[in-house]
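>>> the following comprises the amino acid sequence and a computationally predicted model.
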Amino acid sequence: DSGVTQTPKHLITATGQRVTLRCSPRSGDLSVYWYQQSLDQGLQFLIQYYNGEERAKGNILERFSAQQFPDLHSELNLSSLELGDSALYFCASSVGVSKDNEQFFGPGTRLTVL
Amino acid sequence: GENVEQHPSTLSVQEGDSAVIKCTYSDSASNYFPWYKQELGKRPQLIIDIRSNVGEKKDQRIAVTLNKTAKHFSLHITETQPEDSAVYFCAASYTGRRALTFGSGTRLQVQP
């Protein structure tokens, strides 16, 4: 167990819908990263938050957004869902941005768009 | 941006043999190189990492080597066991950008 939690474990929804994925980082970690894992694209970085502020953006679609709350948990919002959004979404956390790079992954949320 | 290439995509070895997975990266600024093991349907688990100020790091049966000049790094697993069967990912990042860029993964199968 990495100490990173994600809910829900599974999500099945229809095209055009909107969903919210939730992540709680390890105790003491200030950075949260979101990654998407699909069969054809592998593991891809979406977005990073550090202590409530957006820090870096990767291959995140405009239909997707995220935020990190004062208690450091983070939510990833996916809207106008398409079939191709079906994937495993992982959250990872690390202590900060200046020294420690180790990222620890949560169990993931499997999103299926029908 | 950073690009990480990983080879081979699949690797089958006999139990007790060694396995080697290789990665190359494009951005010379990258200074942190972790390796993750992912079992089917599970989260990636950090198994070892190396920073650019060292050339080799070992942890029991697992070792990683880094060649900064050639921009490549490798994972070595000795005395492989069936429980080593999984997908292994290499990744790279640097001080100014902590987000990981992953390789495409290597499916390792250890035959008993």
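Cool, the structure landed. Everything numeric in this text was worked out from a predicted model, so none of it was measured.
>>> quote the end-to-end distance of stretch B:39-52.
Distance across stretch B:39-52, first residue to last, is 28 Å (C-alpha to C-alpha, to the nearest Å).
>>> what is the rounded mean pLDDT of it?
Stretch B:39-52 shows a mean pLDDT of 93.
>>> ranges for the strands of the chain?
The chain I'm using is chain A. Along chain A, counting by DSSP state E, strands occupy A:5-7, A:10-13, A:19-24, A:31-38, A:42-50, A:53-57, A:64-68, A:74-78, A:87-94, A:104-105, A:109-113.
>>> let me rephrase: I mean chain B.
B:4-7, B:10-14, B:19-25, B:32-38, B:45-51, B:56-59, B:62-67, B:72-77, B:86-94, B:97-102, B:106-111.
>>> could you list the low-confidence segments of the chain?
Let's take chain A. For chain A, residues meeting the criterion pLDDT under 70 lie at A:96-100.
>>> the chain in question should be chain B.
For chain B (pLDDT under 70), the answer is B:96.
>>> name the residues of it found near chain A, please.
Within chain B, the positions adjacent to chain A are B:32, B:34, B:36, B:42-46, B:49, B:51, B:89, B:93, B:97-105 by C-beta under 8 Å from any C-beta of the partner chain. C-betas here are computed from N, CA, C, even on glycine.
>>> give me that answer again for 7 Å
B:32, B:43-44, B:46, B:49, B:89, B:93, B:97-102, B:104-105 (C-beta under 7 Å from any C-beta of the partner chain).
>>> among those residues, which pair sits farthest apart?
B:R43 and B:R97 (22.2 Å; C-beta to C-beta).
>>> ok, residue 64 - contacts?
The chain I'm using is chain A. Under the criterion of C-beta atoms under 7 Å, 6 or more residues apart in numbering or on different chains, the neighbours of A:F64 are A:46, A:76-78.
>>> hmm, no, I was thinking of chain B.
Residues in contact with B:V64 (C-beta under 7 Å, 6+ apart) are B:35, B:48, B:50, B:57, B:73-75.
>>> for the residues you listed, which PyMOL command selects only the ones that are buried?
A single PyMOL command selects the buried members of the contacts of B:V64 (16 or more other C-beta atoms under 10 Å in any protein chain shown):
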select buried, chain B and resi 35+48+50+73+74+75
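>>> for PyMOL, what selects the buried ones among the residues of chain B next to chain A?
Listed next is the PyMOL selection for buried residues among the residues of chain B next to chain A, using 16+ other C-beta under 10 Å:
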select buried, chain B and resi 32+43+44+46+49+89+93+97+98+99+100+101+102+104+105
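>>> list the contacts of the nearest residue to A:S65 once chain neighbours are set aside.
Closest residue in space to A:S65, ignoring its immediate chain neighbours: A:N77 at 4.9 Å, by C-beta to C-beta, 6 or more residues apart in numbering or on different chains. By C-beta under 7 Å, 6+ apart, the contact set of A:N77 is A:18, A:20, A:64-66.
>>> what's across from the residue nearest the centre of chain A in the sheet?
In chain A, the residue lying closest to the centroid (C-alpha atoms, centre = their mean) is A:W34, at 3.1 Å. Note on A:W34: beta-bridge partners by DSSP bridges are A:I47, A:C91.
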